[in-house]
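S.K.: below are the sequence and a predicted model; questions follow.
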Number of protein chains: 2
Amino acid sequence: MKLDDAAAHLEALGNPTRLKIYRALIRAGGAGLAVGRLQEKLKIAPSTLSHHIKALVVVGLVTQVRDATTLICHANYEVMRELVGFLVAECCTESAETKNAKAAA
Amino acid sequence: MKLDDAAAHLEALGNPTRLKIYRALIRAGGAGLAVGRLQEKLKIAPSTLSHHIKALVVVGLVTQVRDATTLICHANYEVMRELVGFLVAECCTESAETKNAKAAA
DNA sequence: ACCATATTTCTGGAATTATCGAAATAACGT
DNA sequence: ACGTTATTTCGATAATTCCAGAAATATGGT
């Protein structure tokens, strides 16, 4: 994953409302959760919710499948795993530091 | 880590410039990197850089230590580890899903 | 075709963020 | 105290984000 993509994903998750949406979808598991269920659960205006969901869909963290009149949202585990992978590899553990120190030595 | 804190951390990292700053500090390792070195490396106006660094410091992702006239910035590994821990536990692996399913059963 | 439900798009305003140059501050050496 | 280097704060502007009400669209049932 490239840095700019990682930043886009982090920005999408970097809003309490969107992070709650995403967490709710994770907790919903494979069955996903309809937009309407999310709306009941999180108590935010439908238009606002729609915008936030869209922001998550655009970066690929969430996917949607239509079931008749309702849209089921699913968390995309793979994208999140890639993001965490980026953070761990480039921005988290001291392995980056160690590697750098070794390269300098 | 609470959700709002996690969101604040994610937002801080969710900007390409700030993510580059943070990554540079990780790569610098334990020695850290002076603000001036970051400025040379990233080629952004000192005032802009100062603002971005401050955003990272406020959420605890970066710490600063003064060395005479220069300020050395350090990445705070522990905070990043907490953030990744939150993501993995609550927002990443399907363990959250499984746990939820078990609780519901 | 019409109605009902679910969701999105449009619109607009308030608040926040990004950016930079210029001036101010901090800390040191002399 | 003065000058130098390093960094931040101030001030201003452009761009973006957040929020929600109203209208529009999508889908299915009758």
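M.R.: In hand now; what should we look at?

S.K.: please count neighbours and contacts with C-alpha atoms only from this point.
M.R.: Fine.

S.K.: quick check on the closest residue to residue A:56 other than its chain neighbours: phi, psi?
M.R.: Nearest non-adjacent residue to residue A:56, counting by CA to CA, 6 or more residues apart in numbering or on different chains: residue A:62, 5.5 Å away. Dihedral angles of residue A:62 (phi, psi; degrees, to the nearest 10) stand at phi -130, psi 140.

S.K.: just the pLDDT at residue A:62, thanks.
M.R.: pLDDT for residue A:62: 97.

S.K.: wait, isn't it in contact with residue A:72?
M.R.: No - with contacts counted by CA atoms under 8 Å, residue A:62 stays clear of residue A:72, the gap being 10.1 Å.

S.K.: higher neighbour count, those two?
M.R.: Per other CA atoms under 10 Å in any protein chain shown, whichever of residue A:62 and residue A:72 has more neighbours is residue A:62, with 23 against 20.

S.K.: so how far is residue B:47 from the more buried one?
M.R.: Separation of residue A:62 from residue B:47 (CA to CA, to the nearest Å) stands at 36 Å.

S.K.: ditto for residue A:15
M.R.: 25 Å.

S.K.: of those two, give the one with the bigger neighbour count.
M.R.: Between residue A:15 and residue B:47, residue A:15 has the larger neighbour count (other CA under 10 Å), namely 20 against 10.

S.K.: for that one, phi and psi?
M.R.: According to degrees, to the nearest 10, the main-chain angles of residue A:15 amount to phi -140, psi 130.

S.K.: show me what contacts it?
M.R.: B:7, B:8, B:10, B:11 (CA atoms under 8 Å, 6 or more residues apart in numbering or on different chains).

S.K.: mind doing that once more with 10 Å?
M.R.: A:21, A:52, B:3, B:4, B:6, B:7, B:8, B:9, B:10, B:11 (CA atoms under 10 Å, 6 or more residues apart in numbering or on different chains).

S.K.: please enumerate the strands of chain A.
M.R.: Listed in chain order, the strands of chain A (DSSP state E) span A:33-34, A:62-67, A:70-75.

S.K.: up against DNA strand C, what does chain A have?
M.R.: A:34-37, A:46-51, A:53-54, A:69-72 (CA under 7 Å from any atom of the strand).

S.K.: which pLDDT does the model give the residue lying closest to residue A:24 once chain neighbours are set aside?
M.R.: Excluding the flanking residues, the one nearest residue A:24 by CA to CA, 6+ apart is residue A:38, at 7.7 Å. On pLDDT, residue A:38 comes in at 96.

S.K.: go on, residue A:91?
M.R.: For residue A:91, pLDDT reads 71.
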